[in-house]
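Student: Sharing a sequence plus its predicted fold:
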Amino acid sequence: MMPRAVRSVLAIARQDLLHELRGRRGYVLASVTALLLAPISTAPIPEYHPPPDVFTVTGDVPDAVRALPNVAVTEAGHAQAEFVQPTQGPLIVRAKRLTREARVALDGGVPVIDTRSAPREVPIPRRSLLIALLSAAVLTGSVSESIGGERSRHTLETLLVAAVRREQVVLGKWLAWAAVGGTSALLSAAVAIAFGRLPLGLWLIAVPLVAAQAVALGLFLMRFAKDALTGATVTMRWMPVALGASTLFTWRLGLDHPWLAAFVPLGGAAIAAGNTFSGAFVPLACIGAVGWTALLIELTAIAIGQDPPPLDPVAQRFREVATSAALAFACIQPGIIGPFVWIYAQRPDLVPTGSVTAGLATAATALFVLTGLRWLRHDRPPPRIAEAWTAREALVAVALAAASFLPLPALYTAGNASLLERVDLGLHPLAGGTLAGGALLVAQEVFFRGWLLRHVGVIGATAAWVAAVGLHDPLYAALSGVALALFGSRGAAPLTAAIALRLALELAR
Amino acid sequence: MSVLRAWWWLSVALLKRSARDGMVVRSLATPPIIVFGAFGLTLLLSATRAVHPAVALSPELAADTEFVAQIEGVEWSWFVSKELERAVRESDATFATDGHTLWSAGTDEGELKLEGFLRARQAEPTWTLVMPPPDRVSRTRGLEQALPPGIALLYALYATVFGVGMLTRDREDGTLDAEHTLAIPTWVHGAARWTAGAIGVLAWVVLSLFVFSTLFTLRAPLAAVLHESAAVLTGLAVGLAAASPARATFSSALAVALTAASGLFILGAAVPALGPWVPLLSLGQQSGGVTAFLGALLLSVGAVALTGRASA
């Protein structure tokens, strides 16, 4: 006789599957799964034949090089190597690349410097990874319907007041879809083994665990979903990101620290299913996958019967400050600091001419777009709360300002004066000496002292200002932020006053 | 004056509705974030790996102070190893050398640089290796020709969808009927939708171009702005025109509009001679872009007129 709890779980699983797979929908899911997985399990991987490597040369090409196969003499400016024979001295070779054969020919048949390629042998996941990931991905719609659909049909309440525990409800729903995903993944893997595409191995244990973990994550993501559509949009946004990013991260981590990588949620099981690393990786990844799955089920069970906790006004305002700071940072800094990537890569010649102006213009445009969007979305400030500022906001502002006294990170100080200058442009855009700097100054005032100040008050607006632009000089940013906000929140035309004060501050520097 | 005021406020109202739809904002913000974010991150990661390669040297070579000074002069790090090949294969070093053999897991450029140093140690070299100056133009020209027009095409198709969506949605939910009770000319309804769509999409197009020009050289910025704006305005006009018949549903109008918009682009690729003059076809073409932009404005006027007449 089966225990009652197990019977409840099985009944919930059966009910979920019956509801979802009844009629045409069942055939559609089965057909889509089969259509996706059958070719992956059976098709051979075509062999890659690289095209012949043609070495283009120009100038005084020695006969020994000219006689080599796959050497093409071409016009100057289009060649990979240019040969110049001066009247005196050795032959000069200006080259972006040289083939091994050309080197040997130039050395007279015996290489003086013997160049050998020694790439790292990197274990690559096999096709079973794709089988496991796809088996999990095709369940997005069904898993979305599982909790979201019940909530929109108002049957979830009935289920929750019945004599079953929440864990059993979530476990039943998880079991239904984990079984479907796991079975389809195992069947596909079996077909691949039967066709000789994959060897038998421990990795088979990890294959169904990917779907099991993905279903648990899907249920967790939609724990507050009001209907299937909301649930589907949440899972469709996050599930591919979670699966893709964690798999890639695990693979990279596993190259150096396989034991650690085995315990990465989702990625550990996926890389184990791909039969990527040998040794204890697969058993450890399976243990990790079971642990993560259990944790996700428990967390979903805790939340499933509740509405999302409402934010109190103070927390809401703090969240507004944090979001605004992050968005403003994302608008201002990438344009200004972005071209530094070329300098960092030791290719300052690739920094576009006028990149400072372009960076300032990008920052100004992005900030104007952000302000426009925020204004269009929430044109009325939230209801005023009693406190002009909160301890949390003040603490953030003080902490950021205190950062002025910390030593600068090594990246700043290691002879990267140009980076420092670029970082400063966020706080002092007029230093760029272009009209775009003026546009950014106005955009910053419109956002921080125009829109944000009305919504979150002096301290909140200043905290966001310091976080967004005060990377290099947080103390100055904090002091100027408070002054501008106080100035901008009084008088008949506060925004104009703030812009005027900011201009005066910048010109006085 | 009151007509212009009505035009403005209707456009603002439409912009507000679009901005409050999270899906619209996310879809417009995605192309520049994904494209430039992925590019910047890739560049940063590659730079981190390629900038300061580590070189494993045999003990004998490490004793050559002149050679070591050359390595340090280009800000490469070095260490002594007895298992040179293994150091490269296990990613401890990018290059390894004992003075005669050079093991490499790095770029051609780094390998040639190190080989140049090694060859310079030879007593009487028969040939010397010189690194050519970097060719900036050819390195980024391909990206300039492909990336901005590609993103603009995407935005032109977005604009087409917006054009169709704004009109059919408002017709289905009765908003358009309500607007028609206002004492304003019927063309204002189409014009307001065109204005809202143009502001909404062009802001992101301009932003994408600015982001591009911070990372790469944009040689003809004005021409790029004109061509891309022409493409977006044409996409919007095609969408509005396709949805203007009173019986057009979203799906039928979208099918017509997307076929027309992508057909125009394909025509431009097939008949390059037409390219510089016709909006949307002109994406990626080398011309000033004024004709294409004026053409787009003309098409927009036609679409607005058609929308006003058909929706009345």
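Tutor: Nice, thanks for sending it over.
Student: Now residue B:54. Its backbone dihedrals?
Tutor: Dihedral pair for residue B:54: phi -100, psi 140, per degrees, to the nearest 10.
Student: With residue B:130 instead?
Tutor: The phi/psi pair for residue B:130 (degrees, to the nearest 10) is phi -120, psi 130.
Student: which residues in chain A form strands?
Tutor: Secondary structure of chain A, counting by DSSP state E: strands at A:55-59, A:71-73, A:81-84, A:91-95, A:114-117.
Student: Of those, give the one that comes closest to residue B:196.
Tutor: Nearest of the strands of chain A to residue B:196, taken as Cβ to Cβ: strand A:55-59 at 52.8 Å. Any C-beta I mention is one placed from the backbone N, CA and C, and that applies to glycine too.
Student: ok, that closest one near chain B or not?
Tutor: No - counting by Cβ under 8 Å from any Cβ of the partner chain, chain B is not contacted by strand A:55-59; separation bottoms out at 11.5 Å.
Student: so where's the longest helix in chain B?
Tutor: helix B:136-172 (DSSP state H).
Student: Rounded mean pLDDT for the helix or strand just after that one, please.
Tutor: Reading on from helix B:136-172 to the C-terminus, the next helix or strand found by DSSP states H and E is helix B:175-180. Per-residue pLDDT values across helix B:175-180 average out to 83.
Student: and the angle for the helix or strand immediately after helix B:175-180 in the chain with helix B:136-172?
Tutor: Using DSSP H and E, the helix or strand that directly follows helix B:175-180 along the chain is helix B:187-215. Per axes from the mean of the first three to the mean of the last three Cα atoms, to 10 degrees, the angle that helix B:187-215 makes with helix B:136-172 is 160 degrees.
Student: buried stuff in helix B:187-215?
Tutor: Residues of helix B:187-215 classed as buried: B:187-198, B:200-215 (neighbour count, 16 or more other Cβ atoms under 10 Å in any protein chain shown).
Student: Below-threshold pLDDT in chain B: ranges please.
Tutor: B:23, B:45-51, B:106-107, B:132-142, B:275, B:310-312 (pLDDT under 70).
Student: All the strands of it, in order from the start?
Tutor: Using DSSP E, strands in chain B cover B:54-57, B:77-80, B:95-97, B:101-104, B:127-130.
Student: Return the list of helices and strands in contact with the first one.
Tutor: Going back to what we said before, that points to strand B:54-57. Other helices and strands packing on strand B:54-57, by 3 or more Cβ pairs under 8 Å, 6 or more residues apart in numbering or on different chains; DSSP states H and E, are helix B:65-73, strand B:77-80, helix B:84-89, strand B:95-97.
Student: so which of the ones you listed gets nearest residue A:212?
Tutor: helix B:84-89 (37.0 Å).
Student: residues of that closest one that come out buried?
Tutor: Buried, per 16+ other Cβ under 10 Å, within helix B:84-89: B:84, B:85, B:87, B:88, B:89.
Student: can that helix be found next to chain A?
Tutor: Yes - residues of helix B:84-89 contacting chain A under Cβ under 8 Å from any Cβ: B:85, B:88, B:89.
Student: quick one, what contacts the last one?
Tutor: So the one you mean is residue B:89. A:118, A:119, A:120, A:121, B:105 (Cβ atoms under 8 Å, 6 or more residues apart in numbering or on different chains).
Student: go again using 7 Å as the cut-off
Tutor: The contact partners of residue B:89, by Cβ atoms under 7 Å, 6 or more residues apart in numbering or on different chains, come to A:118, A:120, A:121.
Student: Pick the one among the residues you listed closest to residue B:60.
Tutor: residue A:118 (19.7 Å).
Student: how many neighbours does that closest one have?
Tutor: Other residues lying near residue A:118 total 19 when counted by other Cβ atoms under 10 Å in any protein chain shown.
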